[in-house]
Every structure is written in structure tokens, then in C-alpha cells.
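A.B. asks: Return atomic coordinates for the entry below.
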Amino acid sequence: MMKRICSFQNYHRHDVSMLRTSSMLMSTSSNSDNTASRRRRIAVIGGGASGMFAATAAADASSSTCDVVVFEGTSKTMSKVRISGGGRCNVMHDVTKPLPQILSSYPRGNKELRGLYTKRFTPDDAYDWFTSRGVELKTESDGRMFPVTDNSQTIIDTITHAAIKAGVEVRTKSKIQSVEWIDSSDDNNNHDNGNFAINVSSRSATAAKEESKEYFDALILATGSFPIGHEIARSLGHKVIKPVPSLFTFDTKELVREGGTFHGLAGLSVQTARLTLTVSDEMKPPSADDLTDEPPSNDEASKPKKKKRKKKAPAITQEGPLLITHHGISGPATLRLSAFAAREFHAVKYNCEVKLHFCPKFEEQQRRLGSTGGSEDILMDALWEMTRLIPKRRVATGCPLFMTESIEENDDTTSTNETPNAPIIPKRLWAALVSHSSISPDLVWGDASKAMIRSLANNLASFPLQTTGFSSFKEEFVTAGGIFLKEVQLTNMESKIRPGLFMAGEVLDVDGVTGGFNFMGCWSTGYIAGGSAAEFCSIVNSPE
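C.D. replies: So this is what the prediction gives:
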């Protein structure tokens, strides 16, 4: 059975008042009669995950009293859904996890999403939406959820069928050129057909290009990170936080080149590593106003610019599995750091030093057993003990550090189980780290000096990793940035600037780490935006 899915009957009174007091309802009786006699129209720009979900919610909520039209510039809808999760579609994250844990995986928007995820359209609601329509979902060990078919087409077909059933009209190969706001307070404007005039360039089956202008009462922007959505938002008075890449892997040319520490080690992984980026002054991002990518007005440009800076923590740290690649490093720890420090990396053009701790769980285990001091001191004590326990064994033979217990992270969204009684670091990686510490491959533990062991401990606890660039992670392309959240009413996803304008998905300054979080944001914001747009039209259509 389907659990509660939120209704839109609680459209806020201040929103209704705003609509009532505007002349959107027409001051003359003749205009009122003409406006009330026609069907309301809702435009959805963007046929991706959030756009199709929003369109379906709008059509369902309007009970066939509104025409809902989706404009998609390409030949197919939901292209990103199709390639997500290697073609399996990582539709959401484990909905049984505590909400604070889920929200912690959103570098931007975690506070704003709290209300949506607790009261409006929760992760459980999203789960129920799909399962009630016949989609059976499974949860993998790292928390990612997929359809049991392991085929993204299952999700695409489900949403498409729901949209068709609700009466949504989808127009592919229809690119939006611009959107005009028709000010209803201006008697010289003809707003009988709606307050949004959309200029569309489309191609017919004969490949002929056609230009047209259509009018709509409500508009839902769901263009993801594509520039057209941000251009439309700016044209309608919104600020846009300049998008920069998020969710990327690190290039480390010096480490992977011939003679480098990681050369020839591509494919090796560490179960749990800790990456730390120390935030320097040049990395600290300016305030939200300074981050907008809109050109300043003439008055603003003439004024001396005071650079406002947010207070930032001295370091950004993330943990999780780590993978060595042909270009550098990848894996959940890398991706999480790239997301949470997206702007810091962008500020220095992805050239900076990151500290890598190869065995943070072993350090925690040793602290529970009574060890004290810093990370290097704890590892130094554990390694120095090997000079007594295995004095005749070569240091480079293999990692002598083992987990004596299984540790599972309960406050993280990545799978960080450490296998007990197994070496923490793979054999070839350990040999490379020993060599990097200037220890001869033939040296035995009994002949190692304290200076040698301390050098090795330092590299295990704080390995200097110089990033030289970044690479996209598989099919993931996520950006940090988008429509300024303070200009959006998050309870209904409506613009605080333009009545009838709604936003959903990654067009907003909201993004999550890999693992199904971005799609969860699409389902929630899309559902609320769609239903609220339908409610908006019903209020506008109602008599004074």
C-alpha cells in the first residue's frame, strides 16, 4: 500500500494573499470573464528527471483542469536517468537511514531540504511512489537503491507511463529561446493568456525549424545545470550562483607518472582512507552575492567592491573507500571531498595539496585500546612494535597492520566496513609507500631506525598528494551552483520574485554526493513544484 504523499491544500495564506492583491485576477469584469473561461496552462522547461516528475505531479494535482506541457530540447527525455548507475539507475539512497544522515550527503541545500524531506515529500514518499507503480527496488551494501531489473529503462518507463496517464504533453526537439514576464499590473499588456510568454524553436518530423510564442499561467524550471535555465532565471529577476564542477576524481600527474609513488598501481584500493584539504585564504569563497554569475549594473560596477568572505573551517575532511587510477585517485572518499570542497578546488584551478591518511580506522582502533597522541605518534608506536615482534621480516614484504575487529560506520553514507585480520594496505601499495619513505626493499624490521619508521608512519598518516587537475566521474556530471535558494520559497518551490514561477532539481543551488541523493532531490523538489503549480493555477482561476 502507498503511504501518505503530501497534498497541496496547504498552499500558504501569504501566497494566496499575494495572488489576490495582484491584478493577475484582472480588475475589469470583462477581462475576468475571458480569463476564467479558458483552461490554465503549465509549462515545464526540461524533460529530465525533475521535469518529468514535476509535470506528472502537476497534471495529477490539477485533475485534468490544466494543460501541462513539457519542453525538451533533445530528442529524448530523461537522458541522465538512462545512464545513471552504469545504466541501472541509482534511483535513490537507502530510505531506512536516519534523515540527518541522508541530509549530510548534500554539500549545498541540506538545511533547505530538511523541511521537504520531513513534511512535504519524504524519501519514504518517493519510495512509495515508485513501488506503488510496480517498481521493485533493492538496496545494495553501500546504500544505493536500484530497480531489481538493474535497468534504468524501468524507471524511465514508469515515469513516462505516469505522465501519459495524467495527460502530460511532451514536446521533444523544442528549445526555449527566451521567456518573457507579462506584468499583470500594466494595463497596456495583454495577459489574458497567462503571465509567461515562451519563445520556442522546434523541429518537426520533416526537420523544418519552426519559431513560435506560447502563453502559460505557471512555469516550472527544471533544466538541471544547463545554462538556458540559469539564463531564464536571471531574465526573470533571479540571482544565480555561478556553477562549478562537483563530483570529480583527482588527477595527480607526479604520483602516477613513471617513477612516481602510484605508478603501476591503478586498480588498487584501500577500504577506508581519509582525505583532508586545508583551506587556504585563496581558496575561501566569497559571499553568495559575489558568487552570482550575472554582470553587475553600472552603478554597482562604479562602486568599490568589498569582498565579503564566509567563515570557513580550517580544513575539509572526508572518509571512505579510495581507489588508485591511471590518472590519480577516485572512490567515495575522493568524490565526497570534491563535492564538499567544490568551490575551494575551483578557486585554485584544482592545483593544491591534499593530505591522505591510509588507515584512519586502525588509528581509531588503537585509541580504543589505549594509545594516545597524534596520528603519526599512534602509527609510529604500532610500527615500532614490529621491530620486536617480526625483526627478521623485510619491511617491504607487506603491511603488518591489521584490524582486530570489524568496524561499520553508522554516521556515514559510504560503505566503510573494515575486514578483520586482513592487511589494511594492499601489498604493492605498501611496498611503494615503504620506498617513498626512503627505506630499502631489503631492510628487515630489526635493522630499521626510529627515523625510518617515523618517516613511514608520517606517510601513512599524512601522505602529501598534489592534485594537478580533475576528471569527470563516469556518467556523473553534477555542478555546485544554481538559482539562489534565498529567493525561492522552499515549502512550495515557488519564486519569491515572480508569482507562478517554480523551480525543481539541479537548476537550484542544491547538489548531493554520488549514491542516489541527487535523484532524491529531483523527486522531492519536482513533486512539490508540480503540485504547487497546479494549486497556483486553481487559485488564480477561482473567483474573488
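A.B. asks: In the stretch 301-450 of the chain, where is pLDDT below threshold?
C.D. replies: 301-313, 405-420 (pLDDT under 70).
A.B. asks: mind listing the strands for it?
C.D. replies: 315-324, 328-330, 352-357 (DSSP state E, counting those that start in this stretch).
A.B. asks: right, so of those strands, which gets closest to Gly86?
C.D. replies: strand 328-330 (14.4 Å; C-beta to C-beta). Just so you know, the C-beta spots here come from the backbone N, C-alpha and C atoms, and that holds for glycine as well.
A.B. asks: Give me the contacts around that closest one.
C.D. replies: Outside of strand 328-330, the residues within contact range by C-beta atoms under 8 Å, 6 or more residues apart in numbering are 249-253, 255-256, 262, 322-323, 356, 465, 467-468, 471, 473.
A.B. asks: Quick check: helices, which of these are part of them?
C.D. replies: Cross-referencing those against helices under DSSP state H gives 253, 255-256.
A.B. asks: right, and out of the residues you listed, which lies closest to Ile453?
C.D. replies: Taking those together and measuring to Ile453 by C-beta to C-beta, the closest member is Leu255, at 22.7 Å.
A.B. asks: What backbone torsions are found at the residue lying closest to that closest one once chain neighbours are set aside?
C.D. replies: With C-beta to C-beta, 6 or more residues apart in numbering as the measure, Phe262 is the residue that lies nearest to Leu255, at 4.3 Å, once sequence neighbours are left out. Here is the backbone geometry of Phe262 (degrees, to the nearest 10): phi -100, psi 10.
A.B. asks: List the contacts of Phe262.
C.D. replies: By C-beta under 8 Å, 6+ apart, the residues touching Phe262 are 252, 255-256, 324, 328-329, 432.
A.B. asks: Kindly report the same for Cys522.
C.D. replies: Cys522 touches 48-50, 53, 504-506, counting by C-beta under 8 Å, 6+ apart.
A.B. asks: secondary structure class for it?
C.D. replies: In three-state terms, and counting by DSSP: H, G, I helix; E, B strand; the rest coil, Cys522 is helix.
A.B. asks: isn't Thr118 right up against Leu99?
C.D. replies: Yes - at 6.5 Å, Thr118 and Leu99 qualify as touching, with contact defined as C-beta atoms under 8 Å.
A.B. asks: And the contacts of Phe262, which is closest to Trp523?
C.D. replies: Nearest member of the contacts of Phe262 to Trp523, counting by C-beta to C-beta, is Ile329, at 31.3 Å.
A.B. asks: Check the burial of the closest one by counting its neighbours.
C.D. replies: By other C-beta atoms under 10 Å, the residues close to Ile329 number 26.
A.B. asks: Next: the one 10 residues further on.
C.D. replies: Residue neighbour count, defined by other C-beta under 10 Å, stands at 24 for Ala339.
A.B. asks: Show the contacting residues for it.
C.D. replies: 107, 246-247, 478, 480, 511-513.
A.B. asks: Equivalent analysis for Leu255, please.
C.D. replies: 261-263, 328, 465-466.
A.B. asks: which one of these is nearest Asp125?
C.D. replies: Gly328 (39.2 Å).
A.B. asks: Relative to Pro426, how far out is the residue lying closest to that closest one once chain neighbours are set aside?
C.D. replies: Take Gly328 and drop its neighbours on the chain: the residue closest to it by C-beta to C-beta, 6+ apart is Thr252, 3.8 Å away. As defined by C-beta to C-beta, to the nearest Å, Thr252 lies at a distance of 18 Å from Pro426.
A.B. asks: which of those two has more neighbours?
C.D. replies: Thr252 (23 against 18).
A.B. asks: Quick check: that one touching Thr467?
C.D. replies: Yes - counting by C-beta under 8 Å, Thr467 is a contact partner of Thr252 at 6.0 Å.
A.B. asks: sorry, back to before: give me the local confidence score for the residue nearest to Gly328.
C.D. replies: At Thr252, the pLDDT value in this model is 97.
A.B. asks: how about the helices in the stretch 401-544 of the chain?
C.D. replies: 427-436, 450-461, 517-541 (DSSP state H, counting those that start in this stretch).
A.B. asks: and those, which one's lowest on average pLDDT?
C.D. replies: Among the helices of the stretch 401-544 of the chain, helix 517-541 carries the lowest mean pLDDT (a mean of 94).
A.B. asks: what pLDDT, on average, does the helix or strand hosting Gly115 get?
C.D. replies: If you go by DSSP states H and E, Gly115 is part of helix 110-115. Here helix 110-115 scores 95 as its mean pLDDT.
A.B. asks: Heading C-terminal from it, find the next helix or strand.
C.D. replies: Past helix 110-115, the next helix or strand by DSSP H and E is helix 123-131.
A.B. asks: Report the backbone C-alpha coordinates of that following helix in CSV.
C.D. replies: Only the C-alpha atoms of helix 123-131 are listed here, as CSV (Å, rounded to 0.1, in the frame of the first residue of the first chain):
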residue,chain,number,x,y,z
PRO,A,123,12.3,9.7,0.9
ASP,A,124,9.7,7.2,2.0
ASP,A,125,7.1,9.0,-0.2
ALA,A,126,9.5,8.7,-3.2
TYR,A,127,10.0,5.0,-2.4
ASP,A,128,6.2,4.6,-2.2
TRP,A,129,5.6,6.5,-5.5
PHE,A,130,7.7,4.0,-7.4
THR,A,131,6.8,0.8,-5.6
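A.B. asks: how about it: buried residues?
C.D. replies: 123, 125-130 (16 or more other C-beta atoms under 10 Å).
A.B. asks: List just the nearest of these to Thr65.
C.D. replies: Trp129 (21.9 Å).
A.B. asks: For Thr118 and Leu99, list the residues in contact with both.
C.D. replies: What both Thr118 and Leu99 touch, as defined by C-beta under 8 Å, 6+ apart, is an empty set.
A.B. asks: The two: who's more crowded?
C.D. replies: Comparing Thr118 with Leu99 by other C-beta under 10 Å, the one with more neighbours is Leu99, at 15 against 12.
A.B. asks: Could you report the separation of that one from Gly115?
C.D. replies: Distance from Leu99 to Gly115, by C-beta to C-beta: 11 Å.
A.B. asks: ditto for Ser538
C.D. replies: For Ser538 relative to Gly115 (C-beta to C-beta), the value is 23 Å.
A.B. asks: Which one of these two is surrounded by more residues?
C.D. replies: Ser538 (17 against 12).
A.B. asks: Thought Thr65 was touching the more buried one, still the case?
C.D. replies: Yes - Ser538 lies in contact with Thr65 (C-beta under 8 Å); the separation is 7.0 Å.
A.B. asks: between those two, what contacts are shared?
C.D. replies: Between them, Ser538 and Thr65 share the contacting residues Arg40, judged by C-beta under 8 Å, 6+ apart.
A.B. asks: Name the surrounding residues that touch the helix holding Gly115.
C.D. replies: 99, 103-104, 106, 485, 490-491, 510, 521, 524.
A.B. asks: From the chain's centroid, how far away is that helix?
C.D. replies: 13 Å (C-alpha atoms, centre = their mean, to the nearest Å).
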